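# Okay, sequence plus prediction incoming.
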Amino acid sequence: MTTAPTTSAAEDAVDTVARQPLLNDALIALRAPTQVWSDTTGDMGSAAVHGIYHGDVRHVRALTTSCDESAIEWISTAPDGASRVVFGGLLRGVDDTTPDPKVRLMRDRRVADGVVSESWTLHSRVDHPIRTTLRLRLSAEFAQLHEVKSGHAVARPAQTRIDGEKIRVDAGPQGLDLVAPGGRVASGADGIEAEWEIELSPFGEAEVGWTLELRDDTLVVDSATAPARWDAATVAAGAPEPRLARWLRTALDDLDALRLVLPAHPDDEFFAAGAPWFFTLFGRDSIWAARLALPLDREIAASTLRVLAHLQGDDDDAQTAQEPGKILHELRASALEMPGEGIVLPPKYYGSVDSTPLWVCLLADAHRAGMPDDEVRELLPALRRALGWIRDHGDSDGDGFLDYIDRLGTGLSNQGWKDSGDSIQWRDGTLADGPIALCEVQAYAFEAALAGADLLERFGEGADAGEAAFWRGWAADLKTRFAETYWVETPEGRYPAIALDRDKRPVDSLTSNIGHLIGTGILSAEEEAHVAALLLGESMSSGYGIRTMSTGAAGYWPLSYHGGSVWVHDTAIAAHGMLRAGLHDEARAVVDGLLDAAEGFQYRVPELHAGDPRSHSSVPTPYPAACRPQAWSAAAAVVCLTALTPAPGA
């Protein structure tokens, strides 16, 4: 990481404004629910996101490595999977005077559930002994994750106790132990420290190390303990394209490291949404990640369904946005506050309009992929309740379309996957008023109704035939009304509107949301081909994926979170639908753009990147606050594998 340039007093004043941390230059190693963000030397503290996190708390804010007798000149950074990084440095202050460097320090970092460890190995090729002191300094903090995200991190008071080679720091329900075998530990106003005096023989080698054990009694998620059911190297070896092979290896390592469980259900895994802010269960994100990865892992789809069924809504509670049958949006250890935005989300929050129909769609997909009948049958009560929510609660204003509105004004104002406050715009750039009925949510509901009917008919007993007939009729009616209501004509052509607004007017901006309609059945085959062509057109395709909003919209900006950027999972969902609709050439064209983006990001793709056209840049431009790894972005690699792998007999 480069040193920040000198700034003027005015610039310094601007820099004091609290902002969300930028992530694009930071390095991460992870094993959910633990993550470590550093610069490329391995040290932490120079960037706002840096630190060691466990659950929703940043336990360590800053960490540095130093040598008393020499500067450490770091020259290499080598990630090895999601959970290990090896850093290489030179100690020329204790070297000889010849041109070749002969004293090296290798720093091997490993991250496990609640544990961060490093081994430091000194290698010498000089012909005389070396005496030197290596030193570790770290600053404990225990700030809440949402504080870090908003730029308002507040350190919590803590008590420190030294016991031999170990330092224990306690801050209420959180704490850490630093263990430094063979070293001396100390505590002071600047934090805690460990030092090792090393005598290195001529041409010798010496190793020291330390371990940080992290505690949080408030955790609501645990790390998965069973090994992943796929082997990343084996899957990558079967990829038909070398770039895809590299992406798969990285993506599957990341998906492995993102696996979590609930403490009460330790055998049922799901994917954490992503790092650093979403290391927990998210209904929509966890469902889509499992759905996109289904060709490689049917079991995690089934277990994700069970986890969300355990948390399915029972009551009608405006405070949590809970309703009977509704699928959870987000699970946290404590309330999630967003300073400056007026948003306060309770620990268990249901503010998602699409998680419930998507849960039904995943159940149907998992069954078709081989989920055992008895496991499907066990989820029939949850299926009926989810369908009941679609029928009885999903439509807040009785117009026959699923919609959302934040009933209290302190939750999410937009409750589809584009959940930022300015994501639903008219083509002239003005914001749409709610309740909002998103186009893709109608498609999910249509697919869920038909899939639910099939499951009820197959697994139900007698009376379920009537239920199945009801849902098929309900879906047919929705499809007819969608065709009559959502299509708009603008200078960019004819296409489905992103949504209906409060007054039932179709919001006329051209967006990537229409890609989610393909393959659901709510469009005719001709309409699916037409929508696919629009998405591949110049105004929507950046060359590195599909833009969230057309360049022809007044609100378009390539660095807008949902108004012109490219989201990898969003693009992959369009490709996924194209494959289901038989639009294989179109899907491969989308995949080509995703592979170019993956190469540009060295195969760990972030959740989103800028919508700048490929003609403007030989690599995609980062969206600097984008999370990575993100589960559904990683799972997009599996969609690309499906698209590029010929079907048997083809």
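On my side now, so go ahead.
# Only C-alpha atoms, please: export stretch 494-510 in CSV.
Listed next in CSV are the C-alpha coordinates belonging to stretch 494-510 (Å, rounded to 0.1, in the frame of the first residue of the first chain):
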residue,chain,number,x,y,z
ARG,A,494,-40.1,-1.9,-25.3
TYR,A,495,-39.3,-3.7,-22.1
PRO,A,496,-40.7,-4.6,-18.6
ALA,A,497,-40.6,-1.7,-16.1
ILE,A,498,-38.4,-2.1,-13.1
ALA,A,499,-41.5,-1.8,-10.8
LEU,A,500,-44.9,-0.4,-10.3
ASP,A,501,-45.0,2.7,-8.0
ARG,A,502,-47.5,3.7,-5.3
ASP,A,503,-50.0,4.8,-8.0
LYS,A,504,-49.6,1.6,-10.0
ARG,A,505,-47.6,3.3,-12.7
PRO,A,506,-44.8,1.3,-14.4
VAL,A,507,-41.5,2.9,-13.5
ASP,A,508,-39.9,3.2,-16.9
SER,A,509,-36.1,2.9,-16.4
LEU,A,510,-34.3,0.1,-18.2
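# Can you give me the buried ones in that stretch?
Neighbour-count burial for stretch 494-510, with 16 or more other C-beta atoms under 10 Å as criterion, is recorded at 495-501, 506-510. (Glycine included, C-beta is placed from N, CA and C.)
# And stretch 616-633, by the same measure?
Per 16+ other C-beta under 10 Å, stretch 616-633 contains these buried residues: 620-623, 625-633.
# how long is that stretch from one end to the other?
Terminal residues of stretch 616-633 lie 24 Å apart, using C-alpha to C-alpha, to the nearest Å.
# got any ranges where the stretch 301-450 of the chain has weak pLDDT?
Residues of the stretch 301-450 of the chain that meet the criterion pLDDT under 70 are absent altogether.
# Give me the neighbour count for the closest residue to residue 266 other than its chain neighbours.
In this structure, residue 266 finds its nearest non-sequential neighbour in residue 222, 6.7 Å apart by C-beta to C-beta, 6 or more residues apart in numbering. The burial metric for residue 222, expressed as a neighbour count using other C-beta atoms under 10 Å, is 18.
# from now on call the first residue 27
From this message on, residue numbering opens at 27, which makes the last subject residue 248.
# hey, what's residue 248 bridged with?
Legend: beta-bridge partners of residue 248 under DSSP bridges are residue 287.
# wait, it sits on residue 139?
Yes - taking C-beta atoms under 8 Å as the contact criterion, residue 248 and residue 139 are neighbours in contact, 7.3 Å apart.
# What count of nearby residues applies to residue 562?
When neighbours are counted by other C-beta under 10 Å, residue 562 registers 17.
# and it, what is it in contact with?
Contact criterion C-beta atoms under 8 Å, 6 or more residues apart in numbering gives 612, 615-616 as the residues in contact with residue 562.
# First-to-last residue distance for stretch 557-575?
Taking C-alpha to C-alpha as the measure, stretch 557-575 stretches 14 Å from start to finish.
# do stretch 562-573 as well
From its first residue to its last, stretch 562-573 covers 10 Å (C-alpha to C-alpha).
# ok, and for that stretch, which residues are buried?
562, 565-573.
# do the same with stretch 78-95
Judged by neighbour count (16+ other C-beta under 10 Å), stretch 78-95 contains these buried residues: 78-91, 93.
# What of stretch 577-595?
Residues of stretch 577-595 classed as buried by neighbour count (16+ other C-beta under 10 Å): 577-579, 581-582, 584-595.
# what does stretch 244-258 rub up against?
Contacts made with stretch 244-258 from outside it, assessed by C-beta under 8 Å, 6+ apart, are listed as 57-60, 80-82, 138-140, 199-200, 274-275, 278-279, 281-282, 285-289, 292-293, 295, 298, 305-307, 322-323, 325-326, 357-360, 373.
# Quick one, which of the residues you listed are buried?
If we count by 16+ other C-beta under 10 Å, the contacts of stretch 244-258 have these buried: 57-60, 80-82, 139-140, 200, 274-275, 278-279, 281-282, 285-288, 295, 298, 305-307, 322-323, 325-326, 357-359, 373.
# about what we covered before: so which of the buried residues of stretch 577-595 belong to strands?
Among the buried residues of stretch 577-595, the members falling in strands are 592-593 (criterion: DSSP state E).
# quick revisit: quickly name whichever of the buried residues of stretch 562-573 is closest to residue 43.
Each of those was checked against residue 43 using C-beta to C-beta; the closest is residue 573, at 29.1 Å.
# Look up the residues that both of residue 248 and residue 139 are in contact with.
Residues touching both residue 248 and residue 139 (C-beta under 8 Å, 6+ apart) are residue 59.
# which residues sit against stretch 426-441?
Residues external to stretch 426-441 that are found in contact with it (C-beta under 8 Å, 6+ apart): 344-345, 347, 355, 368-371, 375, 377-380, 383, 416, 420-423, 442, 445-447, 449-450, 460-464, 467-468, 471, 503-504, 507-508, 511, 526.
# Can you flag the buried ones in the residues you listed?
With neighbours counted using 16+ other C-beta under 10 Å, the contacts of stretch 426-441 contain these buried positions: 347, 355, 369-371, 375, 377-380, 383, 416, 420-422, 442, 445, 449-450, 460-464, 467-468, 471, 504, 508, 511, 526.
# In contact with residue 573, which residues are there?
Taking C-beta under 8 Å, 6+ apart as the contact definition, residue 573 lies against 538, 565-567, 582, 584, 590-592, 637.
# again, 10 Å this time
Taking C-beta atoms under 10 Å, 6 or more residues apart in numbering as the definition of contact, the neighbours of residue 573 are 536-538, 561, 565-567, 579, 582, 584, 586, 589-593, 596-597, 636-639.
# thought residue 362 was touching residue 370?
Yes - the pair formed by residue 362 and residue 370 meets the contact definition of C-beta atoms under 10 Å, at 7.3 Å.
# Are there residues contacting both of the two? Which ones?
Between them, residue 362 and residue 370 share the neighbouring residues residue 172, with contact defined by C-beta under 10 Å, 6+ apart.
# hmm, back to that, now intersect the contacts of stretch 426-441 with the strands, please.
Taking DSSP E as the definition of strands, those contribute 369-371, 375, 463-464, 526.
# Would you mind giving those as a markdown table with distance to residue 222 added?
As requested, the ones in strands among the contacts of stretch 426-441 are exported to a markdown table (distance: C-beta to C-beta, whole Å):
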| residue | distance to residue 222 |
| --- | --- |
| 369 | 46 |
| 370 | 46 |
| 371 | 45 |
| 375 | 46 |
| 463 | 63 |
| 464 | 58 |
| 526 | 66 |
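# Among these, list the two that are farthest apart in space.
Taking C-beta to C-beta as the measure, the ones in strands among the contacts of stretch 426-441 reach their widest spread between 370 and 526, a distance of 28.2 Å.
# contacting residues for residue 670?
Counting by C-beta under 10 Å, 6+ apart, residue 670 touches 265-267, 270, 613-614, 617-618, 621.
# try residue 595
Each residue near residue 595 by C-beta under 10 Å, 6+ apart is listed here: 311, 314-315, 318, 443, 571, 602, 631, 633-634, 656-662, 665.
# which stretches of the stretch 77-226 of the chain have low pLDDT?
Confidence mapping of the stretch 77-226 of the chain against pLDDT under 70 gives zero matching residues.
# Strands of that one, residue ranges please.
Assigned strands in the stretch 77-226 of the chain, in chain order: 77-80, 83-93, 99-105, 110-116, 129-138, 141-150, 156-170, 185-189, 192-197, 200-205, 210-214, 217-226 (criterion: DSSP state E, counting those that start in this stretch).
# Throw these into TSV and include distance to residue 409, thanks.
Output for those, formatted as TSV (distance: least, C-beta to C-beta, whole Å):
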stretch	distance to residue 409
strand 77-80	36
strand 83-93	36
strand 99-105	41
strand 110-116	41
strand 129-138	37
strand 141-150	39
strand 156-170	37
strand 185-189	50
strand 192-197	44
strand 200-205	39
strand 210-214	56
strand 217-226	52
